[in-house]
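>>> sequence first, predicted model second:
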Amino acid sequence: MSLPKIKYCPGTLAEGFNTYSTTCLRKVFAGKKVNHILPYAPPRSNEEDTEKFIENRKRISISGVQEKISLLLDKNKLRLTEKGEQGTYILKPIPIDLKNTDQVPANEHLTMQIAQQVYGLQTADNAMIFFNNGEPAYITKRFDVKKDGSKWGKEDFATLAGKTEENEGPNFKYDYSYEALGELLKKYASAWRVEIEKLFSLIVFNYLFSNGDAHLKNFSLLETSAGDYVLSPAYDLLNTRIHVDDSDFALSEGLFSDAFQSEAMEKNHHPGLDDFRELAKRFEIKQIRSDKILAAYTQLQPMVEELTQRSFLNEKTKRAYLLHYQTRRNRLRS
C-alpha cells in the first residue's frame, strides 16, 4: 500500500490541504504541528511492532471489539503509551473480520464529521491518520482526560442501567430501548431537559446514518467542572450497514419500551417521522423543539454529499454511503 495523495484536510475534510489544516491541528492536537503519517507500521505488519501493540493494548481500559491503541502527544509527535502513562488519544486501525474492512476508518471519520459539521452534534475530536506504509487509521482525542492527566468521571449507560455480561449475559448492552435510555438520563443528569434534546438528536442521527451499533456502552454521561453530569460528546459513530447486515436499531426493544409502532412502522417495518415524534413526546420535549430537531434530519443537506465526496472512502463505498442516507431520509419523511 502506498502513501495516499492528500487533497483535503484529513481532519476537517476542508479543501486545499495536503496535511492537517490549522483548524484541525488546533482542535485535535492542541495546535501542535502533527504529521498525518505515523512513524511506524500497522499492527500485524511485523513481529516487533506487533509485540509493541499487544503490550500497549493491555493498558487501555476502553471496551469494544474493535482494536484500540493508546497514544499520547509528546511535543509534536504521537507515540505509544508506556507503562504508567495516561494516553490522551485512541488509535483505531483497520479491524479484522468485517465486510469492506479497509473502509472502516474512513467511514467512522466521515460519520463523525457529518454529525458535527452538518447537524451540530458535539463529538469527540477526531481525524484520519496513516501508518508509514499508507494504511489508514482513525484517531480520536479522549474527552475524559484532563490537562493534568487525571480523568473526568464517565459512566456509560450500561453501567447506569446496572447491566453487565455477568448479570445479563452476552447481549447485556443490546437488551434495552431508547425510551428507557431517556429515563436513565432524567435520573442521573440534573439538567436533563437540556441534555435529553441532545440525546434525542443523536438517536435520530444514528438512525439516519445507519449506525446499527448504537448500544448502551456507546452512550455516556461525563462529569463537568461543576461536578454534575451531562451527555458526553458522541463517539463510535459509523454507518454499520457498509460492513454488516444489521437492523434499524442496535437496541433489541427499538425506540419504545412498550413496543409502540406507528402506522409507517406497522406497514413498512421501518420507523417513520411519527415514531420519532412519539419518542420526543415521551422524552418530554416540547413539540416546537422536536419539530425543529427533526426538520434538520428530514431536509436534504447538501453538505452530507460534499463531505462524503471529500472523504477517504473509495468510490464504491461513497455511493453506498449516500444511498443508505437517502433511503433512511425518505423513510424519515414518511
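The structure has been received and is ready for your questions.
>>> and for residue 71, the neighbour number?
Using other C-beta atoms under 10 Å, residue 71 is surrounded by 22 other residues. From N, CA and C alone the C-beta is placed, and that goes for glycine too.
>>> contact partners for residue 38?
Counting by C-beta atoms under 8 Å, 6 or more residues apart in numbering, residue 38 touches 78, 129-132, 137.
>>> no wait, residue 224
152, 230.
>>> what helix or strand does the residue nearest to residue 312 when sequence neighbours are not counted sit in?
Of all residues not flanking residue 312 in the chain, residue 106 sits nearest, at 3.8 Å (C-beta to C-beta, 6 or more residues apart in numbering). Assessed by DSSP states H and E, residue 106 sits inside helix 104-117.
>>> neighbouring contacts of that helix?
12-13, 66, 92-95, 98, 121-124, 126-128, 136-138, 140, 205, 209, 211, 234-239, 242-243, 303-304, 307-308, 311-313, 317, 321.
>>> and the spatially closest residue to residue 21 that is not a sequence neighbour, how close does it get to residue 3?
The shortest distance from residue 21 to any non-neighbouring residue, by C-beta to C-beta, 6+ apart, is to residue 9 (4.0 Å). Counting by C-beta to C-beta, to the nearest Å, the gap from residue 9 to residue 3 is 16 Å.
>>> tell me the helices in the stretch 201-334 of the chain, going along the chain?
Taking DSSP state H, counting those that start in this stretch as the test, the helices found in the stretch 201-334 of the chain are 263-268, 273-282, 287-298, 302-310, 315-333.
>>> who does the first one touch, helix- and strand-wise?
Translated: helix 263-268. Applying 3 or more C-beta pairs under 8 Å, 6 or more residues apart in numbering; DSSP states H and E, we find helix 263-268 packed against helix 273-282.
>>> what backbone torsions are found at the closest residue to residue 127 other than its chain neighbours?
What sits nearest to residue 127 in space, not counting adjacent residues and going by C-beta to C-beta, 6+ apart, is residue 11, at 3.8 Å. In terms of degrees, to the nearest 10, the main-chain angles of residue 11 are phi -100, psi -70.
>>> wait, doesn't residue 11 sit right on residue 26?
No: using C-beta atoms under 8 Å, residue 11 is not in contact with residue 26; the gap is 9.9 Å.
>>> the more surrounded of these two?
residue 11 (27 against 14).
>>> low-confidence stretches in the chain?
1, 45-65 (pLDDT under 70).
>>> which parts of it are strands?
69-74, 77-80, 89-93, 126-130, 136-141, 154-156, 220-223, 229-231 (DSSP state E).
>>> out of those strands, the one nearest residue 265 is which?
strand 229-231 (26.2 Å; C-beta to C-beta).
>>> what's the closest one packed up against?
Counting by 3+ C-beta pairs under 8 Å, 6+ apart, strand 229-231 packs on helix 192-208, strand 220-223.
>>> so for that strand, what gets flagged as buried?
Going by neighbour count (16 or more other C-beta atoms under 10 Å), the buried part of strand 229-231 is 229-231.
>>> any idea how far residue 233 is from residue 140?
From residue 233 to residue 140 the distance is 10 Å (C-beta to C-beta).
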